[in-house]
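A.B. asks: sequence-free structure coming up:
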């Protein structure tokens, strides 16, 4: 028997969804404050002031910071010594249904062609759950609600192996094409290598990282993006992106997949770690 | 930059005076409409059917609100703007058939200035600021086409001093978003020449 059960997983999932939807982590809030202080234009400052006030109200009243509560993406890290003797996937889906009512969340899940709304944020393949194994006897569940405004501006390109030097250009081009549409200042997740789908997955996962954690390559792309001057909400300004995060994987010698996953300023995610030993 | 306080139904004379960059606050009624509502409006118009709401002098809000049903009706939980660009192709049809005088949204719409000229303005609200709007929405007067689902239905919102909204595109042909993108395009072109 596991010390963990379906009911407590559903409850924990409901809890992290509420946390993610109503509050942002400090690295994001600090980055937004720094951006506000660096803007000299009144219009750009006003956008960032509104965002910061919105974050404060959402947190104080425990209401979603954006009406687009997103589709729910989960990353589940399963300890090698953890015991799961119940339907983990159904427990997470149940947590999503509970959160849809209690937070509440906007029902966003629709059948792709009929556009029929399921009403509870679940459906075929939703929520999106990714599993990986880690060395522990715990289970860590991370939720990242993803809004459509920024997701729609994401792009993937299968570059040629001879185009390594064009990776940066493709990232900047994607941000340029997005303009003010994805609610800048954005966070830019980049997946390089892997395969067509793996690159996109890497890009999404990179959005979970602390915003301050950037290497020279990432900072170089960030600088190029911010030189565009698109600014907060596309109304002009110094800060178009708060961070660029790159994740890489080895790929086929004939391939160079590059995926760019755009994230709006509401870089929402929250985690919980649950003990899951043997009883 | 001037600040205006307007009340719906909006008067054409008030609208054409606005200048890109001006600040506007709206009181009165907002009709939410996004992808599916636009499609249905155009479909019903093509079939010469009368809409269940009156768009004369209206302010249309690109928004799919998060609502909660309570014992005394619907309550707004969060209601920020959605990406207006998805409605770009449907906007000429909307404006050719109805005297919508203001469109509220985020991110702007490509090449929209000629479409709006002399008849409508585009007002930008800060994207994602959904919690900030709640206190400005005084009541939910009704909902049309609920079969489209919560985000896509047409919600009739009674608002007071809804703003600050920035005139992103005025009725004189000025477009703040286009100006920013034109400058960004030049920077992007320069960097392209350097890198490749």
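C.D. replies: Sure, I can see it. Since the structure is predicted, the reported quantities are computational estimates derived from the model, not experimental observations.
A.B. asks: what about the longest helix along chain A, distance to the chain center?
C.D. replies: Residue-count comparison of every helix in chain A, with assignments taken from DSSP state H, identifies helix A:42-61 as the longest. The offset between the C-alpha centroid of helix A:42-61 and the centroid of the whole chain comes to 20 Å, using C-alpha atoms, centre = their mean, to the nearest Å.
A.B. asks: quick check: next helix or strand after it?
C.D. replies: Using DSSP states H and E, the next helix or strand after helix A:42-61 towards the C-terminus is strand A:71-79.
A.B. asks: partner strands of that following strand, with direction?
C.D. replies: Sheet neighbours of strand A:71-79, with direction, are listed as strand A:128-134 (parallel), strand A:138-146 (antiparallel) (DSSP bridges).
A.B. asks: is the strand or helix carrying residue A:248 up against chain B anywhere?
C.D. replies: Under DSSP H and E, the secondary-structure element containing residue A:248 is strand A:241-249. No: for strand A:241-249, no contact with chain B is found by C-beta under 8 Å from any C-beta of the partner chain; the gap never falls below 12.7 Å. Bear in mind the C-beta positions are built from the backbone N, C-alpha and C, glycine included.
A.B. asks: adjacent strands (with direction) for that strand?
C.D. replies: Next to strand A:241-249 in the sheet, as set by DSSP bridges, lie strand A:186-193 (parallel).
A.B. asks: hang on, the earlier thing: give me the mean pLDDT for the strand holding residue A:248.
C.D. replies: Across strand A:241-249, the average pLDDT comes to 98.
A.B. asks: ok, and what's touching that strand?
C.D. replies: For strand A:241-249, contacts defined as C-beta atoms under 8 Å, 6 or more residues apart in numbering or on different chains pick out A:28, A:31-32, A:35, A:171, A:175, A:184-194, A:198-199, A:202-203, A:205-207, A:209, A:211-215, A:217-219, A:221-222, A:225-226, A:265, A:267.
A.B. asks: so after it, what's the next helix or strand?
C.D. replies: strand A:256-263.
A.B. asks: immediately after that next one, which helix or strand?
C.D. replies: Past strand A:256-263, heading to the C-terminal end, the next element that is a helix or strand (DSSP H and E) is strand A:270-275.
A.B. asks: for that next one, packing partners?
C.D. replies: In terms of contacts (3 or more C-beta pairs under 8 Å, 6 or more residues apart in numbering or on different chains; DSSP states H and E), strand A:270-275 is packed against helix A:6-22, strand A:138-146.
A.B. asks: just name the most buried of those.
C.D. replies: With neighbours taken as mean count of other C-beta atoms under 10 Å in any protein chain shown, the helices and strands packed on strand A:270-275 reach their highest mean count in strand A:138-146, at a mean of 23.
A.B. asks: chain center to that strand, what's the gap?
C.D. replies: 11 Å.
A.B. asks: quick one, what contacts residue B:9?
C.D. replies: If you count contacts by C-beta under 8 Å, 6+ apart, residue B:9 has them with B:28, B:56-58, B:101.
A.B. asks: coming back round to it: mind giving me the PyMOL command for buried ones among the contacts of strand A:241-249?
C.D. replies: To isolate the buried ones among the contacts of strand A:241-249 in PyMOL, judged by 16 or more other C-beta atoms under 10 Å in any protein chain shown, type:
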select buried, chain A and resi 28+31+32+35+171+175+184+185+186+187+188+189+190+191+192+193+194+198+199+202+203+205+206+207+209+211+214+218+221+222+225+226+265+267
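A.B. asks: how close does residue A:193 get to chain B?
C.D. replies: For residue A:193, the distance to chain B under the criterion C-beta to the nearest C-beta, to the nearest Å works out to 20 Å.
A.B. asks: per-residue pLDDT, that residue?
C.D. replies: The score at residue A:193 is 98. That number is its pLDDT.
A.B. asks: for it, name its beta-bridge partners.
C.D. replies: Beta-bridge pairing of residue A:193, defined through DSSP bridges, involves residue A:249.
A.B. asks: is residue B:140 in contact with residue B:77, as I believe?
C.D. replies: No: with contact defined as C-beta atoms under 8 Å, residue B:140 does not reach residue B:77; the gap is 10.9 Å.
A.B. asks: give the intersection of the neighbour lists for the two.
C.D. replies: Shared contacts of residue B:140 and residue B:77, defined by C-beta under 8 Å, 6+ apart, are found at residue B:67.
A.B. asks: more crowded one of those two?
C.D. replies: Shown here are residue B:140 and residue B:77; by other C-beta atoms under 10 Å in any protein chain shown, residue B:77 has more neighbours (21 against 18).
A.B. asks: returning to that earlier point: next, the buried residues of the strand holding residue A:248.
C.D. replies: Buried, per 16+ other C-beta under 10 Å, within strand A:241-249: A:241-247.
A.B. asks: residue contacts, residue A:31?
C.D. replies: Contact partners of residue A:31, counting by C-beta under 8 Å, 6+ apart, are A:185, A:211-212, A:242-243.
A.B. asks: name the nearest of those residues relative to chain B.
C.D. replies: Of all these, the one with the least separation from chain B (C-beta to the nearest C-beta) is residue A:185, at 10.7 Å.
A.B. asks: picking up where we left off before, for the contacts of residue A:31, work out which two are farthest apart.
C.D. replies: The widest separation within the contacts of residue A:31, taken as C-beta to C-beta, falls between A:185 and A:212 and amounts to 14.5 Å.
A.B. asks: would you turn the helices and strands packed on strand A:270-275 into JSON lines with mean pLDDT and distance to residue B:158?
C.D. replies: Supplementary listing: the helices and strands packed on strand A:270-275 in JSON lines, determined by pLDDT from 0 to 100; distance: least, C-beta to C-beta, whole Å:
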{"stretch": "helix A:6-22", "mean pLDDT": "98", "distance to residue B:158": "26"}
{"stretch": "strand A:138-146", "mean pLDDT": "98", "distance to residue B:158": "29"}
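A.B. asks: redo these as TSV? Include distance to residue A:96.
C.D. replies: Putting the helices and strands packed on strand A:270-275 into TSV (distance: least, C-beta to C-beta, whole Å) gives the following:
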stretch	distance to residue A:96
helix A:6-22	7
strand A:138-146	9
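A.B. asks: out of those, which is closest to residue B:11?
C.D. replies: Nearest to residue B:11 among those is helix A:6-22; the distance by C-beta to C-beta comes to 39.3 Å.
A.B. asks: now the closest one: how far from the chain's centre is it?
C.D. replies: Chain-centre distance of helix A:6-22: 17 Å, with C-alpha atoms, centre = their mean.
A.B. asks: C-terminal to it, what's the next element?
C.D. replies: Using DSSP H and E, the next helix or strand after helix A:6-22 towards the C-terminus is helix A:26-38.
A.B. asks: quick check: angle from that following helix to strand A:241-249?
C.D. replies: Counting by axes from the mean of the first three to the mean of the last three C-alpha atoms, to 10 degrees, helix A:26-38 points 140 degrees away from the direction of strand A:241-249.
A.B. asks: gap between helix A:26-38 and the chain center?
C.D. replies: Between the centre of helix A:26-38 and the centre of its host chain there is 18 Å, according to C-alpha atoms, centre = their mean.
A.B. asks: pLDDT averaged over that helix - what is it?
C.D. replies: Over the span of helix A:26-38, the pLDDT mean works out to 97.
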